[in-house]
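Engineer: Can you look at this prediction? I've put the sequence above it.
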Amino acid sequence: MADLVGAVDHGTTTTRFMVFDQGGRVVASAQVEHRQILPRPGWVEHDPAEIWDNTVLVIEKVMADTGLTWRDLAALGVANQRETTVVWNRRTGRPYGNAVVWQDTRTDALVSTIAADDRGRLVRHRSGLPPATYFSAGKLRWILDNVPGVREDAAKGDAVFGTLDTWLLWNLTGGVDGGVHVTDVTNASRTMLMDLETLDWDEELLAVFGVPRSMLPEIRSSSVASGYGRTTGTGPLQGPVPLTAVLGDQQAAMVGQLCLAPGDAKNTYGTGNFLLLNTGTSLVRSDNGLLTTVCYRFGDQPPVYALEGSIAVTGSAVQWLRDQMGIIRDTAEIEALAREVPDTGGVCFVPAFSGLFAPYWRADARGAVVGLTRFSDRRHLARAALEAICHQSRDVAEAMEKDSGVRLNILKVDGGVTANDLCMQIQADLLGVPVSRPVVAETTALGAAYAAGLAVGHWASTADLHDNWHEGRRWLPGCSEEHRAAARDEWHRAVARTLNWVEM
């Protein structure tokens, strides 16, 4: 009898395959990085073919290392980096070019024009999102306008669009040989093309961005008993495993953290940071720079919504210190380096490499390091990078409190950066509330597995999952209110210096 559940967790920098048992414990895992393609300033791309090859690689590695077969898996879930846009030919299976990543800012002129008139108000109200380079619709419009043959092939029904979940699902279920062209409500809600109330593609939004409806995948619930399809015998699992769940990575983390009741919140620390607050079946519209998004939908149940604060650059700022600046050789080194100094020595680092996301939404901002003196060295910059991660999360938490009236009394955290104990202590200090990390910190894959398993009765209900959650570490705030206020004032002065850098 199949007693395990698998999850493909495709993120901005890596693709991972994980297998979980009934208790939510990790049975096996493998991951591999993919290239970050940076052809011009502000442009960020991924190779869809490389991502699919890596997905095959990590699945095959887990199955070979453990001796498991497809028969051991009751279901398979998928979690994915959101908003990243790929267009491919359904007849040949070949992408028309690289995927345009959520961090990419090449559409800034387009979305700024839309934001400035009545179309901007329509987009905000209907989709819950501000017109911004972050989301998929502008990227898809850019591909239609700039990649030869795409618009013509779309008119013939050959060119199709998807976020990375759709691309992976299509390949996992057969590709050119019958692959399904579908997405779920959480990913669709990140495109600026879906109506948050009807949970369907909206004709007026499609007209705003000039996108043919024929290119778009079918929208389904996040967890579906009948499934999205099955893996194929020629695929990496070598057999028909039901694909029963798809969620955008941050919504998957909400499920993995069991933030399933209104008022529950979590913050995921990865390439960027993403703080979500469950608002239940109530659609709460933000007045303070947050996003209204679908948190998840299980089967035919009403959708559950969330407020979200998305931060573009957090963990990727550490990667920048490693890859572009050579200040560290490995991302794990930053904690020890930052601990060598008691503070930043007045250095403040605002990593606005893709502009500033929530709650500012300033595409004209660019990264800055301020407060430098001859005393400053790489240790201060390393510590300033960690503080930047935490200040940006505090910005979002403040906006969330204003919108919802809910004040955090604890913050659940997950993601790779949470392995950095110093960063989590700084976060507790700047928030003034405890920070709690679960035993399984990579909750994105776990959430996809939970949603998949619930669909097939592997877990009878969400109540069965709560016994699986265990706290691994808690950090308590340890600084004075005066110190916190001074640090926040310095941060806000630094943010102000990043604005109006790019003429829009």
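Structural biologist: Thanks, I have the structure now.
Engineer: C-alpha from now on. contacts and neighbour counts both.
Structural biologist: Noted.
Engineer: contacting residues for the residue with the largest distance to the centre of the chain?
Structural biologist: In the chain, residue 374 marks the outermost C-alpha relative to the chain mean, sitting 38.2 Å out by CA atoms, centre = their mean. By CA atoms under 8 Å, 6 or more residues apart in numbering, no residues touch residue 374.
Engineer: Can you tell me how far it is from residue 415?
Structural biologist: Distance, residue 374 to residue 415, by CA to CA, to the nearest Å: 35 Å.
Engineer: name the helices or strands packed onto the helix or strand that contains residue 166?
Structural biologist: For residue 166, the host element (DSSP states H and E) is helix 164-172. Here helix 164-172 touches helix 48-66, strand 73-80, strand 182-184, going by 3 or more CA pairs under 8 Å, 6 or more residues apart in numbering; DSSP states H and E.
Engineer: what about those, which gets the closest to residue 441?
Structural biologist: Counting by CA to CA, residue 441 lies closest to strand 73-80 out of those; the figure is 15.1 Å.
Engineer: For that closest one, which strands pair with it and how are they oriented?
Structural biologist: Applying DSSP bridges, strand 73-80 is found paired with strand 4-10 (parallel), strand 242-248 (parallel).
Engineer: Turn the ones you listed into a markdown table, including mean neighbour count and distance to residue 79.
Structural biologist: Shown next, in a markdown table, are the strands paired with strand 73-80 (neighbours: other CA atoms under 10 Å; distance: least, CA to CA, whole Å):
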| stretch | mean neighbour count | distance to residue 79 |
| --- | --- | --- |
| strand 4-10 | 28 | 5 |
| strand 242-248 | 31 | 5 |
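Engineer: Serialize those to TSV and add fields for mean pLDDT.
Structural biologist: Shown next, in TSV, are the strands paired with strand 73-80 (pLDDT from 0 to 100):
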stretch	mean pLDDT
strand 4-10	96
strand 242-248	96
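Engineer: of those strands, which approaches residue 467 most closely?
Structural biologist: Among those, the nearest to residue 467 by CA to CA is strand 4-10 (17.2 Å).
Engineer: Name the surrounding residues that touch the helix or strand that the closest one is followed by.
Structural biologist: Next helix or strand after strand 4-10 toward the C-terminus (DSSP H and E): strand 14-20. With contact meaning CA under 8 Å, 6+ apart, strand 14-20 is reached by 4-10, 26-34, 51, 54-55, 58-59, 62, 445-446, 449.
Engineer: what about the residue nearest to residue 122 when sequence neighbours are not counted, which SS state?
Structural biologist: Spatially, and ignoring its direct neighbours in sequence, residue 122 is nearest to residue 205 (7.8 Å; CA to CA, 6 or more residues apart in numbering). Here residue 205 is helix, with the state taken from DSSP: H, G, I helix; E, B strand; the rest coil.
Engineer: I'd guessed residue 205 sits against residue 123; true?
Structural biologist: Yes: counting by CA atoms under 8 Å, residue 205 touches residue 123, with 6.7 Å between them.
Engineer: list the residues that contact both of the two?
Structural biologist: Listed as contacting both residue 205 and residue 123 by CA under 8 Å, 6+ apart are residue 192.
Engineer: confidence score at residue 1?
Structural biologist: Listed pLDDT for residue 1 reads 53.
Engineer: next one: residue 272
Structural biologist: The score at residue 272 is 86. That number is its pLDDT.
Engineer: show me where pLDDT drops low in the stretch 401-504 of the chain?
Structural biologist: 504 (pLDDT under 70).
Engineer: got the residue ranges for the strands in it?
Structural biologist: Secondary structure of the stretch 401-504 of the chain by DSSP state E, counting those that start in this stretch: the strands cover 411-414, 435-438, 471-475.
Engineer: what's the answer for the stretch 51-200 of the chain, then?
Structural biologist: 73-80, 86-89, 99-100, 159-162, 182-184, 194-195, 200-201.
Engineer: Which of the residues in the fifth one are classified as buried?
Structural biologist: Within strand 182-184, the residues that qualify as buried by neighbour count (16 or more other CA atoms under 10 Å) are 182-184.
Engineer: In terms of secondary structure, what does it contact?
Structural biologist: If you count contacts as 3+ CA pairs under 8 Å, 6+ apart, strand 182-184 packs onto helix 164-172, strand 218-220, strand 242-248.
Engineer: any chance of these in CSV, plus distance to residue 16?
Structural biologist: Converted to CSV, the helices and strands packed on strand 182-184 look like this (distance: least, CA to CA, whole Å):
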stretch, distance to residue 16
helix 164-172, 13
strand 218-220, 24
strand 242-248, 14
